[in-house]
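In: Need coordinates for the below:
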Amino acid sequence: FKGKNATIHEIGKALNVRSVLEGSVRRVGNRVRITAQLVNAADDFHIWSQDYDREIADIFAVQDEIAHAITKELTGRLLPAAGTGSTPAKPKINPDAYSAYLQGRFFLAKRNKPEMMRAVAFFKQAIALEPNYADAYAGLGSTYELLFSNGQSTNTLPLATDAIATALRLDPNHFQALTVRAELAQDSLDWRAAEAGFRQVLELNPNDPNALHFYEGLFQSLGLWEAALAVERLAVALDPLAPILRENIGDDLRSLNRNAEAAIEFRAALALDPNFVFALSGLCQADADLGKIDEAKKTLSRLIAVDGEDGRYSLRCRPIIASQNGDLAELNRVTTIAARQYASGNIRTADVAPTFAFAGDFEQAIRWFEKAYDERDILLFGYITGPDLPTKLKADPRWKAFMQRPLMKEWQAARTRVAAELGPGK
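Out: Residues are numbered from 1 along each chain as shown. As a prediction, this is how the structure comes out:
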């Protein structure tokens with residue numbers, strides 16, 4: 001809400017909270033002054049306020065002081081009685097390392113590849129300044145993992161694994177690192193380890209929106225779209241201003257063939273970040289699915305400005321528009337571009353297969369899916385249960401034979417098991 005004239009009541013309503021913590025931070029050299037106040041969103045009543053003058057190296061201690069003060073003030077008012085246990089003191093952090101870490105987190109939340117690469121640079125800078133900084137290693141590992149799982153890189157998975165291992169060596173209970181470790185198990189197609197990992201972190205904190213978001217990704221990979229949608233809606237309720245969460249709800253709805261609702265969610269994500277490439281691609285696809293070709297083309301132009309003429313996310317929308325227009329020449333052109341982008345290392349194997357499926361070349365589509373299978377590409381599973389594969393392809397005997405391969409049977413068994421654990425209608 002920075003730069004806006006929203007009232008506390010409006011902010012509380014937008015965030016669906018009863019109390020709002022507001023304040024300011026002023027830094028002079030290595031010292032920082034923090035003014036914090038807790039305000040009742042309903043009537044603007046100031047529940048608590050406090051000023052803190054500290055060295056920035058003590059920032060974690062200040063965070064703990066504020067959290068404990070708020071808990072004390074809210075106990076007996078809005079919260080049940082709090083325990084009296086103390087938390088371990090956190091080590092002092094180099095101020096410049098902490099600043100670099102915060103900038104890394106900022107760019108990590110953006111998700112577009114250029115910003116993700118800036119996040120990598122800032123996390124590395126934080127680690128260079130503070131070599132035992134578990135938070136920075138966890139942030140770095142998360143960035144590398146997301147670059148891989150979002151299809152923005154082909155080779156960052158080992159880097160993610162190393163960074164998370166270091167974070168957990170420094171802090172075996174590091175929440176973000178444990179969450180990313182579950183993601184890495186999923187990327188490696190170890191479905192049981194991924195499920196157990198996500199359940200572990202959600203037992204530690206069931207109200208962490210990022211953990212819920214990544215848990216949703218497991219349901220997406222298993223093609224359990226209703227469950228994915230339910231989990232991501234919980235995440236949005238906890239963090240309504242995160243574009244990635246609204247965008248993922250759009251993905252889930254589109255995969256359930258609820259394109260009109262999906263378009264609303266993609267637009268909501270774009271209202272928060274107009275250049276968010278995932279949401280631009282999703283909106284382009286949803287509008288094309290709905291037959292709103294002019295609208296889809298307008299969004300495609302915006303997408304190209306961010307992702308490039310032949311970028312991964314542009315290539316996901318182009319064939320849908322061409323298919324709706326019956327433009328076989330364009331469909332064949334897209335397959336050529338996709339194969340070239342793969343050869344250049346710009347997209348993954350599984351990204352190429354759907355372009356051939358749209359063009360009606362099922363032989364080549366299956367060949368690319370088989371190549372993705374051989375590479376154990378996690379993106380394969382999102383495509384095979386998503387909304388874009390033609391029904392005729394799924395009825396093809398060659399496709400049915402492909403689905404009987406060992407890894408596909410393991411995936412189907414995991415899907416059946418998790419669905420049964422969720423219960424009927426989930």
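
In: Surely residue 241 touches residue 269?
Out: No: here residue 241 lies out of contact with residue 269, judged by Cβ atoms under 8 Å, at a distance of 10.5 Å. Placement of C-beta: from N, CA and C, glycine included.

In: the more surrounded of the two?
Out: Neighbour totals were compared for residue 241 and residue 269, and residue 269 leads with 24 against 11 (other Cβ atoms under 10 Å).

In: ok, residues contacting the helix or strand that the more buried one is a member of?
Out: Assigned by DSSP states H and E, residue 269 falls within helix 259-272. For helix 259-272, the surrounding residues in contact (Cβ atoms under 8 Å, 6 or more residues apart in numbering) are 241-244, 246-247, 249-251, 253-254, 276, 278-280, 282-283, 286-287, 289-290.

In: Drop the exposed ones from the residues you listed and show what's left.
Out: The neighbour-count test (16 or more other Cβ atoms under 10 Å) marks 242-244, 246-247, 249-251, 253-254, 276, 278-280, 282-283, 286-287, 289 as buried among those.

In: Return the per-residue confidence for residue 425.
Out: You'll see residue 425 listed with a pLDDT of 52.

In: so how many other residues sit close to residue 299?
Out: Neighbours of residue 299 under the rule other Cβ under 10 Å: 27.

In: OK, contacts around residue 126?
Out: 97-98, 100-101, 104, 133, 136, 139.

In: which residues in the stretch 51-200 of the chain form strands?
Out: Secondary structure of the stretch 51-200 of the chain (DSSP state E, counting those that start in this stretch): no strands present.

In: Can you give me the buried ones in stretch 44-64?
Out: Of all the residues in stretch 44-64, those buried under the rule 16+ other Cβ under 10 Å are 47-48, 52, 56-59, 61-62, 64.

In: can you check stretch 339-352 too?
Out: So, applying 16+ other Cβ under 10 Å, buried residues of stretch 339-352: 339, 341-342, 346-352.

In: ok, residues contacting it?
Out: 151, 154, 310-312, 315-316, 335, 338, 368-369, 371-372, 375, 377, 379-380, 382-383.

In: Inside helices: which ones of the buried ones among the contacts of helix 259-272?
Out: 243-244, 246-247, 249-251, 253-254, 278-280, 282-283, 286-287, 289 (DSSP state H).

In: Leaving aside the residues adjacent along the chain, what's closest to residue 357?
Out: Sequence neighbours aside, residue 365 is the residue nearest to residue 357 in space, at 4.0 Å (criterion: Cβ to Cβ, 6 or more residues apart in numbering).

In: residues near the one you found, how many?
Out: For residue 365, the count of nearby residues is 25 (other Cβ under 10 Å).

In: Repeat that for residue 412.
Out: Neighbours around residue 412, by other Cβ under 10 Å: 14.

In: Secondary structure element for it, which one?
Out: helix 406-422.

In: If we go by neighbour counts, what in that helix is buried?
Out: Within helix 406-422, the residues scored as buried using 16+ other Cβ under 10 Å are 408, 411, 414-415, 418-419.

In: if we take those residues, which one ends up nearest to residue 214?
Out: For these, the residue nearest residue 214 by Cβ to Cβ is residue 418; the value is 15.0 Å.

In: quick one, what contacts the closest one?
Out: Neighbouring residues of residue 418 by Cβ under 8 Å, 6+ apart: 191, 195, 218-219, 222, 224, 227.

In: And the residue nearest to residue 357, how far from residue 269?
Out: Distance, residue 365 to residue 269, using Cβ to Cβ, to the nearest Å: 29 Å.

In: for residue 53, same thing?
Out: 39 Å.

In: same deal with residue 372?
Out: Taking Cβ to Cβ, one finds residue 372 at 27 Å from residue 269.

In: for residue 252, same thing?
Out: If you measure residue 252 against residue 269 using Cβ to Cβ, the figure is 13 Å.

In: and what of residue 369?
Out: 29 Å.

In: likewise residue 127?
Out: To residue 269, residue 127 is 31 Å away according to Cβ to Cβ.

In: Just the CA coordinates for the strand or helix carrying residue 34, please, in CSV.
Out: Counting by DSSP H and E, the element that carries residue 34 is strand 31-40. C-alpha atoms of strand 31-40 as CSV (Å, rounded to 0.1, in the frame of the first residue of the first chain):
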residue,chain,number,x,y,z
ARG,A,31,22.0,2.4,13.0
VAL,A,32,18.3,2.1,12.4
ARG,A,33,15.2,3.7,14.0
ILE,A,34,12.0,1.6,13.8
THR,A,35,8.6,3.1,14.7
ALA,A,36,5.9,0.4,15.0
GLN,A,37,2.3,0.7,15.9
LEU,A,38,-0.5,-1.8,16.0
VAL,A,39,-3.9,-0.4,15.0
ASN,A,40,-7.4,-1.9,15.2
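
In: Buried residues, that strand. List them.
Out: In strand 31-40, counting by 16+ other Cβ under 10 Å, buried: 32, 34, 36, 38-40.

In: same check, this time on stretch 162-182
Out: Under the neighbour-count criterion of 16+ other Cβ under 10 Å, stretch 162-182 has 163-164, 166-168, 170-171, 174, 176-182 buried.

In: quick one: that stretch to chain centroid distance?
Out: 18 Å (Cα atoms, centre = their mean, to the nearest Å).

In: Ok, stretch 118-133 next?
Out: Put simply, stretch 118-133 sits 21 Å off its chain's centre (Cα atoms, centre = their mean).
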